[in-house]
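Engineer: can't give you the sequence, but here's the structure:
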């Protein structure tokens with residue numbers, strides 16, 4: 001019986017379908033994808049937040065930098081304005097200092113006169129001896145300014161000498177003991193018209209240049225019959241009929257007078273529309289005298 005009993009046959013394996021295998025794998029894959037997607041989103045969210053924080057911080061820092069730059073820009077602008085104001089104040093102060101210095105120099109030299117083109121005596125030139133400048137001045141005053149010998153002897157000097165200059169003959173600078181003596185000599189300066197000799201105040205170079213640049217206006221005013229002169233207290237100011245005429249206003253002032261004067265040659269000028277000739281000799285001495293009054 002046992003020999004006749006055979007083994008129980010195993011059931012045959014049913015072949016697995018490819019579709020059923022894929023169906024089993026897909027949920028796992030989907031789960032993995034979801035997990036990875038979640039992780040990526042989380043990491044992206046963290047990175048995004050970090051980037052946003054950094055951007056915010058950068059913006060805050062940029063705003064601080066902009067505010068600082070604007071503040072410094074305002075400070076720089078204010079500093080520039082202060083510097084410009086300081087420059088203007090310094091220019092004004094420098095001008096005032098120069099004017100004060102001119103006044104002081106003019107005041108110190110108030111007893112001085114300078115005589116130009118007074119020749120050296122022929123005897124000294126011929127024999128080559130040393131010139132006695134005081135004697136030269138005495139001869140000049142008697143011969144050219146019509147002082148008497150007694151008047152000349154009554155004039156006292158603090159100092160008298162020829163100055164070092166490039167011109168020949170060298171100018172003679174005189175410092176009088178009494179201001180009245182200086183004035184009496186100045187009053188006779190018109191006797192030197194039509195000569196190369198003339199008398200001036202002892203003025204600084206800056207004052208002389210300032211006066212020279214205003215001679216045209218002074219001559220125009222005098223030509224129009226006005227009282228015109230340079231102030232003694234403020235030596236660079238041109239006064240016409242007791243009114244100061246600033247340098248910047250002088251071209252218009254001359255135009256209003258209707259008369260322009262050119263220095264250095266005979267010419268025809270217009271005075272209120274009427275042509276007239278200005279004599280060279282008279283003009284030359286008047287201009288020199290006016291520029292140094």
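Structural biologist: It's in. In this text, all values refer to a predicted model and were calculated from it rather than measured experimentally.
Engineer: for stretch 40-57, which positions count as buried?
Structural biologist: By 16 or more other CB atoms under 10 Å, stretch 40-57 has no buried positions at all. Every residue, glycine included, has its C-beta placed from N, CA and C.
Engineer: what segments of the chain are strands?
Structural biologist: For the chain, the strands defined by DSSP state E cover 112-116, 157-162, 172-176, 198-201, 228-230, 238-240, 243-244, 267-271, 274-278.
Engineer: and the helices in the stretch 1-150 of the chain?
Structural biologist: With DSSP state H, counting those that start in this stretch, the ranges of helices along the stretch 1-150 of the chain come out as 18-108, 122-127, 133-143, 149-154.
Engineer: any weak-confidence spans in this protein?
Structural biologist: 1-24, 259-293 (pLDDT under 70).
Engineer: closest to the centroid, which residue in it?
Structural biologist: The residue lying closest to the centre of the chain (CA atoms, centre = their mean) is residue 91, at 7.3 Å.
Engineer: quick revisit: same list (the helices of the stretch 1-150 of the chain) but as CSV, adding distance to residue 188.
Structural biologist: CSV is the format used below for the helices of the stretch 1-150 of the chain (distance: least, CB to CB, whole Å):
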stretch, distance to residue 188
helix 18-108, 22
helix 122-127, 24
helix 133-143, 9
helix 149-154, 11
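Engineer: and those: which comes nearest residue 207?
Structural biologist: The minimum distance between residue 207 and the helices of the stretch 1-150 of the chain falls on helix 18-108, with 5.3 Å, by CB to CB.
Engineer: got the angle for the closest one vs strand 112-116?
Structural biologist: Relative orientation of helix 18-108 versus strand 112-116 (axes from the mean of the first three to the mean of the last three CA atoms, to 10 degrees): 90 degrees.
Engineer: buried ones in stretch 109-116?
Structural biologist: By 16+ other CB under 10 Å, the buried positions in stretch 109-116 come out as 109, 111, 112, 113, 114, 115, 116.
Engineer: let's have those residues in CSV, adding distance to residue 183.
Structural biologist: Shown next, in CSV, are those (distance: CB to CB, whole Å):
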residue, distance to residue 183
109, 14
111, 10
112, 12
113, 10
114, 15
115, 15
116, 19
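Engineer: quick check: the farthest pair among those residues?
Structural biologist: Distance extremes for the buried residues of stretch 109-116: the farthest pair is 111 and 116 at 18.1 Å, using CB to CB.
Engineer: one step back: okay if I get the strands of the chain as CSV plus distance to residue 35?
Structural biologist: Listed next are those as CSV, based on distance: least, CB to CB, whole Å:
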stretch, distance to residue 35
strand 112-116, 112
strand 157-162, 116
strand 172-176, 113
strand 198-201, 110
strand 228-230, 105
strand 238-240, 102
strand 243-244, 100
strand 267-271, 110
strand 274-278, 115
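Engineer: wait, which of the ones you listed is closest to residue 59?
Structural biologist: Among these, strand 243-244 sits nearest to residue 59 (CB to CB), with 64.1 Å.
Engineer: who's in contact with the closest one?
Structural biologist: With CB atoms under 8 Å, 6 or more residues apart in numbering as the test, strand 243-244 has contacts from 231, 237, 238.
Engineer: and for the last one, the neighbour number?
Structural biologist: Spelled out, it's residue 238. Residue 238: 24 surrounding residues under other CB atoms under 10 Å.
Engineer: pull out the buried positions in stretch 194-213.
Structural biologist: Buried residues in stretch 194-213, counted by 16+ other CB under 10 Å: 197, 198, 199, 200, 201, 202, 203, 204, 207, 208, 210, 211.
Engineer: could you dump those residues into a markdown table with distance to residue 78 added?
Structural biologist: Listed next are the buried residues of stretch 194-213 as a markdown table, based on distance: CB to CB, whole Å:
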| residue | distance to residue 78 |
| --- | --- |
| 197 | 60 |
| 198 | 56 |
| 199 | 56 |
| 200 | 50 |
| 201 | 48 |
| 202 | 48 |
| 203 | 44 |
| 204 | 40 |
| 207 | 39 |
| 208 | 43 |
| 210 | 37 |
| 211 | 42 |
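Engineer: and which of those residues is nearest to residue 44?
Structural biologist: Minimum distance to residue 44 across these is 83.5 Å, recorded for residue 210 (CB to CB).
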